[in-house]
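Enquirer: here is the input, now give the coordinates:
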Amino acid sequence: MLSVLVVEDHQAVRDALVEAFQGWNYAVLAAGTLEEAVAHLSTRRFDLVVTDVDLGGANGLELLRLSGTPQPKPPFIVISGRFGPKEIIASGFEVGDRLRYLQKPFLLTQLQSVVTELERQGSASSD
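Expert: As a prediction, this is how the structure comes out:
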């Protein structure tokens with residue numbers, strides 16, 4: 001079973017994402033703050049990280065810098081209602097193979113499509 005870390009400071013959104021991933025048969029762990037997410041990433045490996053950019057004063061993009069040491073970085077899906085791909089690129093990250101972006105509000109079917117695409121890409125790269 002693939003594992004997902006959901007990082008979202010709004011409880012209702014976090015709960016909806018957790019419920020969706022559980023419904024898609026993923027093992028899900030959730031964090032409401034950057035600090036919680038960093039603690040989770042330091043103790044276990046995730047197959048996917050879904051993070052909001054605006055985490056109540058903290059920047060979810062910091063997880064991209066902090067994850068993957070010493071192991072390889074998991075793919076990330078960055079979600080935001082205030083920041084777009086230009087701001088993500090300006091922060092030094094390239095939206096592409098292992099980093100995807102979804103603008104809030106989004107449909108869960110859109111999220112599922114991105115997740116499925118990342119899974120296919122991962123299995124193709126591990127062949």
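Enquirer: the helix or strand hosting residue 6 packs against which elements?
Expert: Counting by DSSP states H and E, the element that carries residue 6 is strand 3-7. Judged by 3 or more C-beta pairs under 8 Å, 6 or more residues apart in numbering; DSSP states H and E, strand 3-7 is in contact with helix 11-23, strand 27-31, helix 34-43, strand 48-52. C-betas here are computed from N, CA, C, even on glycine.
Enquirer: ok, the closest residue in space to residue 58 that isn't next to it in sequence - contacts?
Expert: If the residues on either side of it in the chain are set aside, residue 58 comes closest to residue 34, at 3.8 Å by C-beta to C-beta, 6 or more residues apart in numbering. Contacts of residue 34 were listed using C-beta atoms under 8 Å, 6 or more residues apart in numbering, and they are 7, 55, 58, 59, 60, 62, 63.
Enquirer: mean pLDDT and distance to residue 107 for the helices and strands packed on strand 3-7 - can I get that in CSV?
Expert: Shown next, in CSV, are these (pLDDT from 0 to 100; distance: least, C-beta to C-beta, whole Å):
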stretch, mean pLDDT, distance to residue 107
helix 11-23, 97, 10
strand 27-31, 98, 19
helix 34-43, 93, 24
strand 48-52, 95, 15
